[in-house]
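A.B. asks: pasting the sequence and the predicted coordinates here, then a few questions.
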Amino acid sequence: MRYLLVLLVTLLFSAPALSGQCPSLMKEVDSQMESADLDASTKAEVAKLRAKGESLHKEGKHGESERVLRQAIETIDAAVEQAAGT
């Protein structure tokens, strides 16, 4: 019984900690979108990924949200590298 209580308390307090990455990733996407010179199609793709990531976050699907938001960041990074010619 004691172990079950410890497990439940641990799960209860770990959920908010795990969801903490999503908002910082959304801010990073927003910041990179403002500073990067992206073409219209890349901006649209990143905006779509960002919206999907936020939606997943609100649904409590934080793992999926992080994956989608990281994909948005990778898309921006790839576009910036391509524009720089590297």
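C.D. replies: Yep, that arrived. Numbering: from 1, shown residues only.

A.B. asks: how about P23, nearest residue that isn't a chain neighbour?
C.D. replies: Take P23 and drop its neighbours on the chain: the residue closest to it by C-beta to C-beta, 6 or more residues apart in numbering is H57, 7.5 Å away. Where C-beta positions appear, they are placed from N, C-alpha and C, glycine not excepted.

A.B. asks: got the contact list for the residue nearest to E54 when sequence neighbours are not counted?
C.D. replies: Leaving aside its chain neighbours, E54 sits nearest to M26 (6.0 Å; criterion: C-beta to C-beta, 6+ apart). Taking C-beta atoms under 8 Å, 6 or more residues apart in numbering as the contact definition, M26 lies against R50, G53, E54, H57, L69.

A.B. asks: could I get those residues in JSON lines, plus columns for distance to A83, pLDDT and secondary structure?
C.D. replies: Shown next, in JSON lines, are these (distance: C-beta to C-beta, whole Å; pLDDT from 0 to 100; DSSP: H, G, I helix; E, B strand; the rest coil):
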{"residue": "R50", "distance to A83": "20", "pLDDT": "97", "secondary structure": "helix"}
{"residue": "G53", "distance to A83": "23", "pLDDT": "96", "secondary structure": "helix"}
{"residue": "E54", "distance to A83": "26", "pLDDT": "95", "secondary structure": "helix"}
{"residue": "H57", "distance to A83": "29", "pLDDT": "94", "secondary structure": "helix"}
{"residue": "L69", "distance to A83": "22", "pLDDT": "96", "secondary structure": "helix"}
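
A.B. asks: max pairwise distance over the residues you listed: which two?
C.D. replies: R50 and H57 (10.6 Å; C-beta to C-beta).

A.B. asks: distance of the spatially most central residue of the chain relative to S31?
C.D. replies: Most central in the chain under C-alpha atoms, centre = their mean is L69, positioned 2.9 Å from the mean C-alpha point. Here the criterion is C-beta to C-beta, to the nearest Å. By it, L69 lies 12 Å from S31.

A.B. asks: quick one, grab the pLDDT at A84.
C.D. replies: Predicted confidence (pLDDT) for A84: 84.

A.B. asks: Q21 versus that one, what's the distance?
C.D. replies: From A84 to Q21 the distance is 28 Å (C-beta to C-beta).
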